[in-house]
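# sequence unknown, structure follows:
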């Protein structure tokens, strides 16, 4: 499990969230927004999906159903407590959970069809390293998604008012996101930022 001191501090924060039973299920408003995201992601049976920041596995469960038959979901999180909750869902054998940094994914180059980051990107300390790792494990033409249930302005305000461990975790502006994506080997094709939340789609350079 490869983690920096910053990673360990964030992991400890989300361990405490897990112990309180937070972020274990989607509420009704989140399910409505998730339905829109799922249409955009268009996950198909047989696809291999990387899910960074899987938390308790609430989205993993949905992706497991969407990738059947013949697919794989590789779900990763910094928090050991969240990963334990995810394991308790007893998902199918083609779902794999890993605890550690998303800057080091234990998979071969070009193995995933999509990377789906739901409600996690601001919490990634080494965003540049993570994006380069996402590009490494994605197939040419593979898609990277950055999604949040809140729009960028509301999300950043929420984090600023939250616990000290995450108060500085913000979603960068469009210019910074496009620059980071390009430098990591992605082309940004769409950014939606409205009352329905935030959605960025990027495609790995072929």
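Sure, I can see it. Because the structure is a prediction, the values reported are computed rather than measured.

# and residue 94, how many residues sit next to it?
Neighbour count for residue 94, taken as other C-beta atoms under 10 Å: 15. (Each C-beta comes from the backbone N, C-alpha and C, glycine too.)

# Please report phi then psi for it.
phi -90, psi 0 (degrees, to the nearest 10).

# helix or strand for residue 62, which one?
Using DSSP states H and E, residue 62 falls within helix 58-67.

# For that helix, which residues meet the burial criterion?
Buried residues in helix 58-67, counted by 16 or more other C-beta atoms under 10 Å: 58, 59, 60, 61, 62, 63, 64, 66, 67.

# Can you list the strands that the next helix or strand after it pairs with?
Next helix or strand after helix 58-67 toward the C-terminus (DSSP H and E): strand 72-77. Here strand 72-77 is paired, per DSSP bridges, with strand 48-52 (parallel), strand 95-99 (parallel).

# which residues sit against strand 72-77?
Contact with strand 72-77 is made by 14, 48-55, 57, 60, 63-64, 67, 83, 86, 91, 94-100, 102, 105, 107, 112, as judged by C-beta atoms under 8 Å, 6 or more residues apart in numbering.

# Could you do stretch 101-114 as well?
2-4, 7, 41, 43, 47-50, 52-53, 74, 76, 78, 98, 124, 126, 129-130, 133-134, 136-140, 142-145.

# Whichever of those residues count as buried, I'd like them selected in ChimeraX; how would that read?
A single ChimeraX command is used to select the members of the contacts of stretch 101-114 judged buried by 16+ other C-beta under 10 Å:
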select :3,7,41,43,47,48,49,50,52,53,74,76,78,98,124,130,133,134,136,137,138,142,143,144,145
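
# Just the ones in helices from the contacts of stretch 101-114, please.
Using DSSP state H, the subset of these located in helices is 7, 41, 129, 130, 133, 134, 136, 137.

# which two from these end up farthest apart in space?
The distance between the two most remote of the ones in helices among the contacts of stretch 101-114 (C-beta to C-beta) is 26.5 Å, for 7 and 41.

# Does residue 160 touch residue 167 like I think?
Yes. Between residue 160 and residue 167 a contact is recorded at 5.7 Å, counting by C-beta atoms under 8 Å.

# Could you give the bridge partners of residue 52?
residue 76.

# distance of the residue most central in space within the chain from residue 5?
The chain has residue 117 as the residue nearest its centroid, 2.2 Å off, counting by C-alpha atoms, centre = their mean. In this view, residue 117 and residue 5 are 23 Å apart by C-beta to C-beta, to the nearest Å.
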